[in-house]
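Visitor: turn this into a structure:
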Amino acid sequence: MTVTHRIFYILFATLLLSWLVIPGVWAEESSQVLTKQAMDECQKGRRAKDEAVRVAHFERGRELAEKAVELNEDSADAHFALFCSIGERMRANGEVLFSVFEYGRMMEALDKTLSLNPHHMDALSSKGTILIEVPGLFGGDPEKGEAMLRKVIQADPESINARMVVARSCAERGEDQEAFDLAKKALELARAGNRDDLLPEAEKTFSEIQTKLASK
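Guide: Numbering: from 1, shown residues only. I've put the predicted structure just below:
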């Protein structure tokens, strides 16, 4: 075999390998891009004031997330983006479970996220919140949910949602001081992080707990 032939075979093998490997790499990169775009749509929807605009963002986010999942079934973030889009769309509808199928699809995406990444903080926070706020008929378990959220708070000092939900639970039980401390910290984090999507809820939670304390 001549030097020219050896060089030709090396180039051919390299090109063949790139055909086999690069599409997978491109798919992963595309999935990551689509996942980021889907989460951006979720954030925009949360910040939007007009209901029609909110819904449009969430529906666009779902389309992007579904494509991301198709490209990479093993991406926890892609599944979470799908959960976020479906869940926020349902909340935009007045938090009415307008479709058992939609609720099931939302939970499937959330559970898949946690099966792929048991330490996904946003998914853990979402799961804990659902366990607290959803009726037992749909799998609610307040005690388990609060325990999960407290673990999130310990693991993620920047967690806002987990603090707000646990604060409300504490307030309902009459544990007012802990409720106040958690709500106050959540509000401080929301302000410091310019979290316009969470700030209104953080302000409302803190105000309600503060008013309750002042009335005693």
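
Visitor: tell me who's in contact with Phe80.
Guide: Applying C-beta atoms under 8 Å, 6 or more residues apart in numbering, one finds that Phe80 lies in contact with 109-110, 113, 120, 122-123. C-beta: built from backbone N, CA, C; applies to glycine.

Visitor: where's it, which helix or strand?
Guide: If you go by DSSP states H and E, Phe80 is part of helix 76-92.

Visitor: am I right that Asn161 is in contact with Ser125?
Guide: Yes: counting by C-beta atoms under 8 Å, Asn161 does reach Ser125; the two are 5.2 Å apart.

Visitor: next structured bit after the least confident helix or strand in the chain by mean pLDDT?
Guide: Ranked by mean pLDDT, DSSP states H and E, the helix or strand of the chain with the weakest confidence is helix 3-47, at a mean of 64. Following helix 3-47 in sequence order, the next helix or strand is helix 51-71 (DSSP H and E).

Visitor: chain center to that following helix: distance?
Guide: The chain centroid and the centroid of helix 51-71 are separated by 13 Å under C-alpha atoms, centre = their mean, to the nearest Å.

Visitor: before we move on, what about stretch 127-140?
Guide: Worked out by C-alpha atoms, centre = their mean, stretch 127-140 lies 16 Å from the chain centre.

Visitor: which parts of that stretch are buried?
Guide: Buried positions in stretch 127-140, judged by neighbour count with 16 or more other C-beta atoms under 10 Å: 127-132, 134.

Visitor: show me where this structure dips below the pLDDT cut-off.
Guide: Where the chain drops to pLDDT under 70, the residues are 1-29, 93-99.

Visitor: domains for it, by residue range?
Guide: According to automatic domain parsing, the chain is divided into the following domains: 1-118, 120-216.

Visitor: end to end, how far does the last one reach?
Guide: Across its full length, domain 120-216 reaches 39 Å end to end, with C-alpha to C-alpha, to the nearest Å as the criterion.

Visitor: likewise for stretch 42-58?
Guide: One end of stretch 42-58 sits 6 Å from the other (C-alpha to C-alpha).

Visitor: next, the angle from the helix or strand following the helix holding Phe80 to helix 76-92.
Guide: Downstream of helix 76-92, the first helix or strand assigned by DSSP H and E is helix 100-116. Helix 100-116 runs at 150 degrees relative to helix 76-92, counting by axes from the mean of the first three to the mean of the last three C-alpha atoms, to 10 degrees.

Visitor: which parts of helix 100-116 are buried?
Guide: Per 16+ other C-beta under 10 Å, helix 100-116 contains these buried residues: 103, 106-107, 109-110, 112-114, 116.

Visitor: and if you look at stretch 49-57?
Guide: For stretch 49-57, burial by neighbour count (16+ other C-beta under 10 Å) applies to 54-57.
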